[in-house]
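Chemist: Predicted model follows, preceded by the sequence.
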Amino acid sequence: MKKWMKMLTVFALAICAVMLVNVQSAKASIKSTNGLWDINADYFENTCEIVDYYGDDKDLVIPSKVDGLKVTKVNFYHCSQSVRDLVETVTLPNTVTEIYGSGFINWYKMKSIKLSEKLETIGDNAFARCSALRSITIPESVTKMSYRIFSDCTSLKKAVIKGNPTIDEYTFNNCTSLTEVSMPKLTVGGRGMFFGCTSLKKVSAPKIEKIGNQMFFGCTSLKTFKTNKVLRAIGNEAFIDTSLETFNMPSSLTSLGSYAFDKSKMSTIIIPTTLTHNTVDIGCSLENADIICLNPYVYLEDLSQTYTVYGLKDSYAYESAKNQGIRFVTMKGITSAKVEKKGNASSLSWKKVSGVKKYTIYRYNWSEKSWQKIATTKTNKYTDKSKLASTKYKVTYEYEYKGKTVVGCIEVQLN
């Protein structure tokens, strides 16, 4: 019996060894039959990855197939220096779905590249230090853009991101010639995405919901940024050291990061009423800035002695100015409100503010932990007769002050 078990064991090991050899032989690093390409072949998948080129064409067109294998990946990280010294333009076939990390790093003569319309992933540093690259269009098919993809592409002037990929950090770091960016569908910007892009002047991002930390840090030519109605978060140091002069805080904004506009050219910062946090770090490197805060629940940190804080008396803004020795100017606004239960309805009232044309009422949904807009009114009273009548409400309002629209709010809860 033992003899048979031993024989079976040996037989099983032999089969495993054969299978392992077959698996290994299914993948191979070889030269193409025409001698132009080095490829990593996958005979199981009938695909290959191109890793080097031996031709002499400066306008490189990568084929969709090599020796009958579909080209799905490109990685020239270990290619010969002669390729980097030669190629000026690249065209990828629509079979390519991935460009590996550092796939075209240091291709210093490459002026343009046409990416695959089926491309999904671009790896870390894929085009870093391609110092002759002039423009780039990222197709809508791309779902992931990794770390520092175009870092130090110092001739890059225009970039288009057609889709809504996940963005890693410092995508266009130090692209000092970049002047124009279009991101028609992007919703979340990455950390340091345009860090040090000192020539950037025009940014189109109509669907952006989150501006990442340091996203425009050091974009010293950026004077304007058009916001939208869906922007909900601005990250820490997002516009630090820019030439931004104005910024319209939309009513959708719930988070404002620390030092978001420090060292910019902003002369007035209006704190939105929609923030869900109670502290804002302004930063002390603005020149003679006016900080307007009619949100009575927001405390202002890191203020310069040259600033003036405008707000409601006895608010957190008032306390922050007093504690830091900053000049404070009292503004008009709602300082108190009340809510009463009348049967199944909730009745709100507050003191009317001159110059305010309408008040917007929000109901707090305790189960979803969010505010929901329910009505607008021209009077200083409102009764919520809905079946969803709550015990907590917020009233927002706005009026003109020194040519600017300022916004205020008051929250009220049934005791």
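Modeler: Thanks, I have it. Numbering: from 1, shown residues only.

Chemist: Could you pull out the helices in the chain for me?
Modeler: 2-25, 81-86, 316-324 (DSSP state H).

Chemist: rank these by mean pLDDT and give me the bottom one.
Modeler: Note on the helices of the chain: lowest mean pLDDT is at helix 2-25, with a mean of 47.

Chemist: where does N295 land on pLDDT?
Modeler: Value for N295, per-residue pLDDT: 90.

Chemist: Contact partners for it?
Modeler: I271, P272, T273, L275, S315, A317, G408, C409 (C-beta atoms under 8 Å, 6 or more residues apart in numbering). The C-beta positions use only the backbone N, C-alpha and C, and glycine is treated the same way.

Chemist: Now do the fourth one against I105, distance only.
Modeler: L275 sits 42 Å away from I105, going by C-beta to C-beta, to the nearest Å.

Chemist: now swap in the first one and tell me
Modeler: If you measure I271 against I105 using C-beta to C-beta, the figure is 43 Å.

Chemist: Pick out whichever of those two has more residues nearby.
Modeler: Taking other C-beta atoms under 10 Å, I271 and I105 do not tie; I271 has more neighbours (25 against 21).

Chemist: can you count the residues close to the nearest residue to Y54 once chain neighbours are set aside?
Modeler: Nearest residue to Y54, sequence neighbours excluded (C-beta to C-beta, 6 or more residues apart in numbering): L36, at 5.5 Å. Neighbourhood size, L36 [other C-beta under 10 Å]: 16.

Chemist: same check, this time on Y53
Modeler: Neighbours of Y53 (other C-beta under 10 Å): 21.

Chemist: wait, isn't it in contact with I39?
Modeler: No - if you go by C-beta atoms under 8 Å, Y53 and I39 don't touch, sitting 10.5 Å apart.

Chemist: Could you report the pLDDT at the residue nearest to Y54?
Modeler: 95.

Chemist: Please list all residues in contact with it.
Modeler: Counted by C-beta under 8 Å, 6+ apart, L36 has contacts Y53, Y54, G55.

Chemist: Out of the contacts of N295, which comes closest to S251?
Modeler: Proximity of these to S251 (C-beta to C-beta) peaks at P272, which lies at 7.2 Å.

Chemist: wait, doesn't that closest one sit right on G408?
Modeler: No - P272 lies out of contact with G408 (C-beta under 8 Å); the separation is 10.4 Å.

Chemist: Pick out whichever of the two has more residues nearby.
Modeler: Neighbours per residue, other C-beta under 10 Å: of P272 and G408, the larger number sits with G408, 26 against 22.

Chemist: Roughly how far does the nearest residue to that one once chain neighbours are set aside sit from Y393?
Modeler: Nearest-residue entry for G408: L294, 3.1 Å, with adjacent residues in sequence omitted and distances by C-beta to C-beta, 6+ apart. Counting by C-beta to C-beta, the gap from L294 to Y393 is 17 Å.

Chemist: If you count surrounding residues, which of the two has more?
Modeler: Each of L294 and Y393 has its neighbours counted (other C-beta under 10 Å); L294 has more, 29 against 23.

Chemist: Would you confirm that that one contacts V407?
Modeler: Yes - L294 lies in contact with V407 (C-beta under 8 Å); the separation is 6.2 Å.

Chemist: Could you check how far the residue nearest to G408 is from K402?
Modeler: On the measure of C-beta to C-beta, L294 and K402 end up 14 Å apart.

Chemist: same question, Q372
Modeler: Taken as C-beta to C-beta, the span from Q372 to K402 is 32 Å.

Chemist: between those two, which one's more packed in?
Modeler: A side-by-side neighbour count of Q372 and K402, using other C-beta under 10 Å, places Q372 first with 12 against 9.
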